[in-house]
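Chemist: Build me a model from this:
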Amino acid sequence: MSNFHYKKSLGQNFLKDELVLDKIIEESQIDENTLVIEIGPGAGALSYKILKKAKMAILYEVDTRLEKILYKNLDEFSNFKLIMKDFLNADVMSDIKDYQYKKIYLIANLPYYITTPIITKIMKEKLPISKLVVMVQKEVADRFTALPNTKSYGSFTVLLNYYYNVRKLFDVDKSSFEPVPKVDSSVIELIKKEDAVVKNVDFFINFVRDCFQYKRKNLKNNLYKYDLKKIDKILSKYGLNIYARAESLTLEIFIILANELC
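Modeler: Next up, the predicted model:
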């Protein structure tokens, strides 16, 4: 790829470290019953290793310059479909409807600037992806796996952990990429939770976002539209009150509050 002009606007940093690629595949636990979705395959380094394990893979790539490169680098495989489209605009349910599989995994070195929109699309559209193993910016991984009462803990942390069991698998040094990015990366695993425990998902999402509307303000200021007396009474059972900040609440407390208020 020495003559390839990497586009910063597309977040193009191609993973080249074979050890890291192999570790992602090992952690993913792909088998012959797995349909894999990969977003941003680049030149196909990770795709190549995915196709050796998976039943089928659907690759979404937005950069049309990579189409010929991908077909060339993956020419020994027939178990993939390359879709030259932005995943965020794709009708994924339509794209997967003709394939038979027992499980769908998303495995990718995600473009950092659209990591959150991609995961939000998966949650919002209720795509049947049971596991994600994705490379993200280390700072983003820290936010996704943050604990209450930490600086990185926010509304998306809470919502993500409602839908998934989230854990960091390993960190990746910036030297593993071409071109070398300015930041280090991490590979994280998200395994979908099956049991819905909130009465109204839309209310829960809006409530959590309202709690964190202004991170430096307390719950009383952020939740003025809600029944503050009821909130205070519930919080008192956990040694908290409406003068606490949202970052001090666990996922379980957010769920209890939303169920009582909706």
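Chemist: Point me to the residue sitting farthest from the middle of this protein.
Modeler: No residue in the chain sits farther from the centre than K229, which is 35.7 Å out by CA atoms, centre = their mean.
Chemist: Tell me which helix or strand it sits in.
Modeler: If you go by DSSP states H and E, K229 is part of helix 228-236.
Chemist: helices and strands around that helix, which ones?
Modeler: Helices and strands touching helix 228-236, by 3 or more CB pairs under 8 Å, 6 or more residues apart in numbering; DSSP states H and E, are helix 219-222, helix 251-261. C-betas here are computed from N, CA, C, even on glycine.
Chemist: Quick check: buried residues in the shortest one?
Modeler: Residues of helix 219-222 classed as buried by neighbour count (16 or more other CB atoms under 10 Å): L219, N222.
Chemist: Show me what that helix is packed against.
Modeler: On a contact count with 3+ CB pairs under 8 Å, 6+ apart, helix 219-222 meets helix 201-211, helix 228-236.
Chemist: The closest residue to N161 other than its chain neighbours and S155: what is the separation?
Modeler: Closest residue to N161 apart from its sequence neighbours, by CB to CB, 6 or more residues apart in numbering: L251 at 5.3 Å. From L251 across to S155, the span is 11 Å (CB to CB, to the nearest Å).
Chemist: which of the residues in the helix or strand hosting I104 are buried?
Modeler: Using DSSP H and E, I104 sits in strand 103-109. Using 16+ other CB under 10 Å as the test for burial, strand 103-109 gives I104, Y105, L106, I107, A108, N109.
Chemist: can you list contacts of the helix or strand just after that strand?
Modeler: Where DSSP H and E defines the elements, the next helix or strand beyond strand 103-109 is helix 115-124. Defining contact as CB atoms under 8 Å, 6 or more residues apart in numbering, one finds that helix 115-124 is touched by 39, 87-88, 106, 110, 127, 129, 132, 134, 136-137, 140, 156, 159-160, 163, 190.
Chemist: all helices for this structure, in order.
Modeler: In the chain, the helices defined using DSSP state H lie at 18-28, 45-51, 67-73, 92-96, 115-124, 138-144, 155-163, 201-211, 219-222, 228-236, 251-261.
Chemist: follow-up on the earlier one: where does the residue nearest to N161 land on pLDDT?
Modeler: Per-residue pLDDT puts L251 at 97.
Chemist: Low-confidence ranges, the stretch 1-150 of the chain, go.
Modeler: 1-12 (pLDDT under 70).
Chemist: now do 80
Modeler: Along the stretch 1-150 of the chain, the parts satisfying pLDDT under 80 run over 1-14.
Chemist: before we move on, back to that, of the contacts of helix 115-124, which count as buried by neighbour count?
Modeler: 39, 87, 106, 110, 127, 129, 132, 134, 136-137, 140, 156, 159-160, 163, 190.
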